[in-house]
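>>> would you be able to build a 3D model of this:
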Amino acid sequence: MKNSESQFEMFRYQLLPIDRYLQGDLFEDISTVEDLLKKKNNLFSRVLSSKKDFSNKKTQTATKLLLNTEDFFLFRIAANRSLHRETKEFKEEYLDNWPSILVAVWNDPEVQIVAVQKRTSAFQHTETVVKLILDGIRSSLAGYHLRAIHEPMVERKVFWQIVEKYYNKIQKIEFEFITPNMANISGNLPESLKEFAKAANSVKNKLEIEADPDSSLHIEKNNNTISSLADYTSDGGGNVALKVRGLSKKINTSKTIKHVEVSELSLQGTAEEVAEILKELMK
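Numbering: from 1, shown residues only. Presented below is the predicted three-dimensional model:
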């Protein structure tokens with residue numbers, strides 16, 4: 001029997017204070033934004049582990065928490081996709097149908113990745129699942145003055161492949177990026193850029209560069225600022241939109257989501273075994 005592969009698309013989430021200028025004793029022993037950032041992952045785990053269902057007004061879901069270790073969650077989430085059919089008695093009927101997927105959340109402070117199994121019969125887009133989860137815990141997380149913001153992860157080469165393909169035709173580039181708070185993916189960003197975003201109390205930022213209408217941008221890999229922004233956004237820190245002469249629509253790098261593949265046979269193992277396989281691939 002053929003052993004088929006299952007894709008898991010990956011998203012980075014970052015945990016940011018709703019207001020960096022919070023004051024006073026907030027809860028427990030947290031009174032400064034530094035205290036809050038030190039405990040953000042513990043608070044996220046607390047909120048996520050207490051959530052039993054991620055249904056919203058549009059989608060009815062069923063959720064089972066398969067594994068909850070110190071920093072790793074493995075869920076099985078199903079969506080109600082009832083089937084409609086007509087019978088030989090000329091009647092219409094609806095049958096229950098709950099296709100499900102696996103979702104892994106790695107909440108290590110240096111990782112913070114959600115991997116969502118791709119199965120269009122359950123969810124047309126994997127990002128829908130990430131939104132269901134983060135929207136579902138939004139109010140509880142806000143109770144701890146935290147906001148979770150996600151972005152798709154993209155292979156770093158994607159940006160440069162676009163630049164190479166449309167060389168001398170790129171008129172404008174928009175870098176949209178989350179205010180960094182993960183050193184392992186933002187290390188190369190200019191300190192001035194990071195400090196500016198934090199001082200301004202922003203959670204999302206946009207940097208645009210645009211050429212004269214009769215010219216084009218000159219983008220080279222040895223430009224440290226461009227390279228660091230391209231790397232940071234590719235690692236799940238944001239999105240890049242490029243306006244190219246001759247194309248009516250902008251090109252968004254986030255449309256090409258990074259994924260890993262796991263054999264269907266491997267997914268039949270225990271939750272612990274599946275978690276170990278996914279963790280290895282998510283590194």
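>>> now do the same for the closest residue to Gly136 other than its chain neighbours: its pLDDT.
Leaving out its chain neighbours, the residue that sits closest to Gly136 by Cβ to Cβ, 6 or more residues apart in numbering is Phe54, at 4.4 Å. (Glycine included, C-beta is placed from N, CA and C.) At Phe54 the predicted local distance difference test score is 96.
>>> report the contact partners of Phe54.
Counting by Cβ atoms under 8 Å, 6 or more residues apart in numbering, Phe54 touches Thr61, Thr63, Ile77, Leu132, Ile133, Gly136.
>>> neighbour-wise, give me the winner out of those.
When the contacts of Phe54 are compared by neighbour count (other Cβ atoms under 10 Å), Ile133 ends up highest, at 26 neighbours.
>>> so is it in a helix, a strand, or just coil?
Counting by DSSP: H, G, I helix; E, B strand; the rest coil, the backbone at Ile133 sits in helix.
>>> excluding residues flanking it in the chain, which one is nearest it?
Nearest to Ile133 is Phe54, by Cβ to Cβ, 6+ apart, at 5.6 Å.
>>> and for Val163?
Take Val163 and drop its neighbours on the chain: the residue closest to it by Cβ to Cβ, 6+ apart is Ile219, 5.1 Å away.
>>> wait, what's in contact with the one you found?
Taking Cβ under 8 Å, 6+ apart as the definition, contacts of Ile219 comprise Val163, Ile170, Ile173, Ile226.
>>> just confirm it is within a strand.
No: counting by three-state DSSP, Ile219 is not part of a strand but coil.
>>> just to revisit the earlier point, of the contacts of Ile219, closest to Ala241?
Within the contacts of Ile219, distances to Ala241 taken as Cβ to Cβ reach their minimum at Ile173, with 7.3 Å.
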